[in-house]
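# Output the structure for:
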Amino acid sequence: MTKKSNYLIHPQTIILFLVLAGISALFLGFSGAYLYTKFQNGLPPLHIPPLFYFNSFILIASSITLIKTIQAFEYDNTSLFKVLLWVTMILTVVFLVAQIFAWVQLTTENVHLTSSNLASYLYVISGLHFVHVIAGIPFLGYFIWIAHKRLKSPVSVLLYFSDEDKKRSLKLLTIYWHFLDGLWIYLILFFLVNSF
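Numbers count the residues shown, from 1 in each chain. Now for the predicted structure:
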């Protein structure tokens, strides 16, 4: 049995929310800089490729699979738990690959990193989001590795699914994923509103 935590709020939770607050401040700063540059210099609006919108659905799907993963954890559904972790990983990789193609689409429309200040902001902002998605992959990969390593016998399955630390870590990972999804949707809406 795992020891019960004596923390009112676990340190991992505090650290995650501090990280999310920092990321939020970073993207709000870049959003403000984008608006300032656009209106100060009277620059024409940028139109983002349709693939940016399609990527939103991929990220939302990955969030849904992580919600289902927590449910599988709570119901001790070993096979579904493993499958959903892998599906989340595949969706994440598909998002990253699709985002690279979205940048290629931009270049085919002659919107390059150095085309204008607004184009530079578009690449930097979407690139920063890209990096934060990559940052979550090792944690997701760790869950996949541990699940395949530990979930072999009925006893190890029982111990794994009764581990409160594992459950909390999975929930924190899900919060991070939801945050990235919400951030991406905010960015899409931000660029859409400012494309007129």
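# Which residues does stretch 49-64 contact?
88, 91-92, 94-95, 98-99, 101-102, 105-106, 109, 126, 174, 177-178, 180-181, 184-185, 188, 191 (CB atoms under 8 Å, 6 or more residues apart in numbering). Using the backbone N, CA and C atoms, a C-beta is placed for each residue, glycine as well.
# Just the buried residues of the residues you listed.
Neighbour-count burial (16 or more other CB atoms under 10 Å) applied to the contacts of stretch 49-64 gives 88, 91-92, 95, 99, 102, 106, 126, 174, 177-178, 180-181, 184, 188, 191.
# Helices - which of the residues you listed land there?
The helices, defined by DSSP state H, take in 88, 91-92, 95, 99, 102, 106, 126, 174, 177-178, 180-181, 184, 188, 191 from the buried ones among the contacts of stretch 49-64.
# helix/strand/coil for residue 114?
What DSSP: H, G, I helix; E, B strand; the rest coil gives for residue 114 is coil.
# And it, its phi and psi?
Main-chain dihedrals, residue 114, degrees, to the nearest 10: phi -100, psi 10.
# Could you check what's spatially nearest to it, not counting adjacent residues?
Closest residue to residue 114 apart from its sequence neighbours, by CB to CB, 6 or more residues apart in numbering: residue 120 at 6.9 Å.
# Which positions in the helix or strand encompassing that neighbour come out as buried?
Assigned by DSSP states H and E, residue 120 belongs to helix 117-150. For helix 117-150, burial by neighbour count (16+ other CB under 10 Å) applies to 117-119, 121-123, 125-126, 128-130, 132-133, 136, 140, 143, 147, 150.
# For residue 155, give me the pLDDT.
In this prediction, residue 155 carries a pLDDT score of 86.
# residue contacts, residue 47?
Here residue 47 is in contact with residue 195 (criterion: CB under 8 Å, 6+ apart).
# among the helices and strands of the chain, which has the poorest mean pLDDT?
Of all regular secondary-structure elements in the chain, judged by mean pLDDT, DSSP states H and E, the least confident is helix 154-161 with a mean of 86.
# Run the angle between that helix and helix 117-150 for me.
150 degrees (axes from the mean of the first three to the mean of the last three CA atoms, to 10 degrees).
# Give the buried residues for helix 154-161.
Buried residues in helix 154-161, defined by neighbour count with 16+ other CB under 10 Å: 157, 160, 161.
# Give me the packing partners of the helix holding residue 120, helices and strands only.
If you count contacts as 3 or more CB pairs under 8 Å, 6 or more residues apart in numbering; DSSP states H and E, helix 117-150 packs onto helix 11-41, helix 78-108, helix 154-161, helix 164-193.
# I'd assumed residue 120 was in contact with residue 30.
No - using CB atoms under 8 Å, residue 30 and residue 120 do not qualify as a contacting pair, with a distance of 10.6 Å.
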